[in-house]
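Student: Mind looking at a prediction? Sequence and model below.
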Amino acid sequence: MGLGGIARLGLLGVLATTGGGISAAGAQVSTGDETSWVVCSFKASGGAGTYIALLVTEPFAIRSAKARDYEGAYIGGLFDKDVGIATVIPGYEEFYDWGSQRCAVFDEAGARAEYSRRMNSPDNAIIRSLAWRPAAEAIEKPEPAAAETPAPEVEKSADDTALDRQPRDELAATARAEEAARGAEQREAAERERREAAERERREAEERKRREAEEKERREIEETARLNREAAEFAARQVAENEASRRRAEEARKAYEEELARLERENDEYERAVERSRREREAANRAQQEYFAAQRRHAACIAGDRKACADIEAGKPAMEEASAGESASIDPDATRCVSPPLVSADPAFARSTQAVVVNGCEVPVDVRICLMRSGGWNCGVAWNLAPQARWTHTSFESDGQVFWDARVSTSSRPLARP
């Protein structure tokens with residue numbers, strides 16, 4: 001007992017009546033030479049805050065004549081002397097509790113039922129069983145104050161003994177039946193608790209599955225919403241970008257058409273200015289030629305040319321014969337000696353078409369080329385194109401239709417338009 005000081009050990013039992021009375025388990029104690037059975041128990045503690053341990057002896061047989069010596073006897077000292085608590089539960093010592101420091105006497109069935117009850121006691125966290133029995137002559141008798149005064153023994157007849165034994169047997173059978181009923185109730189309660197635990201586990205599993213399914217569905221809904229949101233944002237960005245590209249292309253097209261219209265207006269103004277300049281040159285040239293013709297006719301008249309003098313007197317123009325002769329000689333058809341336009345894709349610009357002509361005439365010519373595009377004809381003019389020279393006219397978005405005209409540069413005929 002040296003680990004925890006002086007050990008205190010008690011017996012846990014239920015007081016039973018003596019002198020042939022009823023035990024704690026309901027079995028009557030015999031006082032004859034029959035065999036009785038004893039169950040003892042002890043309490044022990046490992047110190048403050050630890051669980052109380054219970055030591056239960058396996059049922060052992062005694063002669064019924066010795067039952068009074070065991071019933072309610074204190075045998076803690078004998079157990080401590082013979083075995084010792086620490087040898088069964090290391091670190092534990094006697095826990096003294098006078099109210100339960102007792103052995104109890106039963107018949108064999110009652111003793112085994114009491115042993116089972118004590119081994120399954122719900123009040124103790126630690127329960128140990130051991131095979132041990134004290135010597136009968138060493139048992140301390142119960143204190144006289146706690147024991148009943150024994151009645152004087154009266155010799156009984158065989159019939160009285162049989163009559164006494166019959167109630168005891170009936171009580172033992174009743175005790176066994178009650179113990180069996182309690183066992184059945186305990187088994188039924190354990191089975192019911194097992195079914196309830198299984199049902200709780202099943203419901204908990206179903207609840208977990210339901211929560212997991214709800215969580216999975218929630219995540220799927222959130223993921224779908226996120227994907228739909230991203231798709232909508234991407235589509236909105238694409239629409240905005242496409243609209244911006246369309247607006248830029250429209251603005252570029254309008255700017256191109258405006259620039260093209262401006263160039264065409266400038267070209268028309270330039271053509272009209274060139275035409276005015278040509279006419280002015282032609283008028284000046286004609287006036288000069290008329291002057292020279294009048295001078296020649298006047299000289300002829302002075303030289304004695306009567307016709308010349310008659311023409312002067314008649315007021316006839318001096319350029320009639322000369323202009324007719326010159327017109328026949330200086331105004332040939334330029335379209336016969338200028339090559340027709342060769343239309344092809346412009347290698348310098350995308351979506352651009354070009355038309356190329358070569359001046360095969362012996363004199364400079366004026367050439368007009370027009371290419372059809374989505375907004376109408378796009379025309380250009382080359383003035384005074386030298387012999388054997390080539391000229392290229394280009395236009396964006398043309399379908400390849402071409403119109404052209406040519407004249408000698410000194411001709412007064414206006415260039416044709418489509």
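Tutor: Sure thing, it's come through.
Student: give me the element Val363 is part of.
Tutor: Taking DSSP states H and E as the definition, Val363 sits outside all helices and strands.
Student: Please look at it and Ser411 and confirm they touch.
Tutor: No - counting by Cβ atoms under 8 Å, Val363 does not reach Ser411; the two are 9.8 Å apart. Backbone N, C-alpha and C define where each C-beta goes, glycine included.
Student: of these two, who's got more company?
Tutor: Between Val363 and Ser411, Ser411 has the larger neighbour count (other Cβ atoms under 10 Å), namely 20 against 16.
Student: Now do that one, the pLDDT please.
Tutor: pLDDT recorded at Ser411 is 86.
Student: can I assume it sits in a helix?
Tutor: No - applying DSSP: H, G, I helix; E, B strand; the rest coil, one finds Ser411 to be coil, outside a helix.
Student: What number of residues are in the vicinity of Trp404?
Tutor: By other Cβ under 10 Å, the residues close to Trp404 number 20.
Student: before we move on, what about the one 5 residues further on?
Tutor: Under the neighbour criterion other Cβ under 10 Å, Ser409 is assigned a count of 15.
Student: list residues touching both of Val363 and Ser411?
Tutor: Counting by Cβ atoms under 8 Å, 6 or more residues apart in numbering, Val363 and Ser411 have no contacts in common.
Student: Look at the closest residue to Asp82 other than its chain neighbours and report its pLDDT.
Tutor: Residue nearest to Asp82 in three dimensions, not counting chain neighbours: Trp132, with 6.9 Å by Cβ to Cβ, 6 or more residues apart in numbering. If you check Trp132, the pLDDT there is 86.
Student: do the same with the one 4 residues further on
Tutor: Confidence at Ala136, expressed as pLDDT, is 65.
Student: go on, the one 10 residues further on?
Tutor: Among the per-residue scores, Ala146 shows a pLDDT of 42.
Student: Tell me how far Arg195 lies from Pro122.
Tutor: Here Arg195 is placed at a distance of 21 Å from Pro122 (Cβ to Cβ, to the nearest Å).
Student: who has more neighbours, these two?
Tutor: More crowded of Arg195 and Pro122, by other Cβ under 10 Å: Arg195, with 10 against 5.
Student: which helices and strands does the helix or strand hosting that one pack with?
Tutor: Using DSSP H and E, Arg195 sits within helix 158-302. Under the contact criterion of 3 or more Cβ pairs under 8 Å, 6 or more residues apart in numbering; DSSP states H and E, helix 158-302 touches helix 108-119, helix 306-314, helix 320-330, strand 376-385.
Student: Could I get the buried residue list for the host helix or strand of Ser395?
Tutor: Ser395 belongs to strand 390-396 when assigned by DSSP H and E. By 16 or more other Cβ atoms under 10 Å, the buried positions in strand 390-396 come out as Trp391, His393, Thr394, Ser395, Phe396.
Student: Near the residue nearest to the last one when sequence neighbours are not counted, how many residues? Count them for me, please.
Tutor: If I follow you right, that is Phe396. In this structure, Phe396 finds its nearest non-sequential neighbour in Ser352, 5.2 Å apart by Cβ to Cβ, 6+ apart. Using other Cβ under 10 Å, Ser352 has 15 neighbouring residues.
Student: quick one: low-confidence ranges for the stretch 151-300 of the chain?
Tutor: Within the stretch 151-300 of the chain, the ranges that satisfy pLDDT under 70 run 151-169, 171.
Student: ok, now how distant is the residue of the chain most remote from its centre from Gly315?
Tutor: Relative to the centre of the chain, the most outlying C-alpha is that of Gly304, 120.1 Å out, by Cα atoms, centre = their mean. As judged by Cβ to Cβ, Gly304 and Gly315 stand 21 Å apart.
Student: partner residues bridging Val105?
Tutor: Note on Val105: beta-bridge partners Val38, judged by DSSP bridges.
Student: Tally up the residues packed near it, please.
Tutor: Counted with other Cβ under 10 Å, the neighbours of Val105 add up to 31.
Student: my read: it touches Thr35, true?
Tutor: No - using Cβ under 8 Å, Val105 makes no contact with Thr35, being 10.9 Å away.
Student: intersection of neighbour lists for the two?
Tutor: Ile62.
Student: Pro317 falls within a helix, correct?
Tutor: No - Pro317: not assigned to a helix; according to three-state DSSP it is coil.
Student: and the residue nearest to it when sequence neighbours are not counted, what does it touch?
Tutor: Counting by Cβ to Cβ, 6+ apart, Pro317 lies nearest to Glu290, which is 7.1 Å off, once chain neighbours are set aside. Counting by Cβ under 8 Å, 6+ apart, Glu290 makes contact with Pro317, Ala318, Met319.
Student: most surrounded residue in those?
Tutor: Sorting the contacts of Glu290 by how many neighbours each has (other Cβ under 10 Å) puts Ala318 first, at 20 neighbours.
Student: what about the residue nearest to that residue when sequence neighbours are not counted, how many neighbours?
Tutor: Nearest residue to Ala318 in three dimensions, chain neighbours excluded: Ala293, at 3.6 Å (Cβ to Cβ, 6+ apart). By the criterion of other Cβ under 10 Å, Ala293 has 17 neighbours.
Student: how far away is Ala293 from Glu282?
Tutor: Per Cβ to Cβ, Ala293 is found 16 Å from Glu282.
Student: got it, and Gly76?
Tutor: From Gly76 across to Glu282, the span is 156 Å (Cβ to Cβ).
Student: Compare these two (neighbour count), which wins?
Tutor: Counted by other Cβ under 10 Å, Gly76 and Glu282 do not tie: Gly76 has more neighbours, with 20 against 13.
Student: on that earlier part again, the residue nearest to Phe396 contacts Ala345, doesn't it?
Tutor: Yes - using Cβ under 8 Å, Ser352 makes contact with Ala345 at a distance of 7.3 Å.
Student: How about the contacts made by Val56?
Tutor: Contact analysis of Val56 by Cβ under 8 Å, 6+ apart lists Leu12, Val39, Cys40, Ser41, Tyr115, Arg118, Met119, Ile127, Arg128, Ser129, Leu130.
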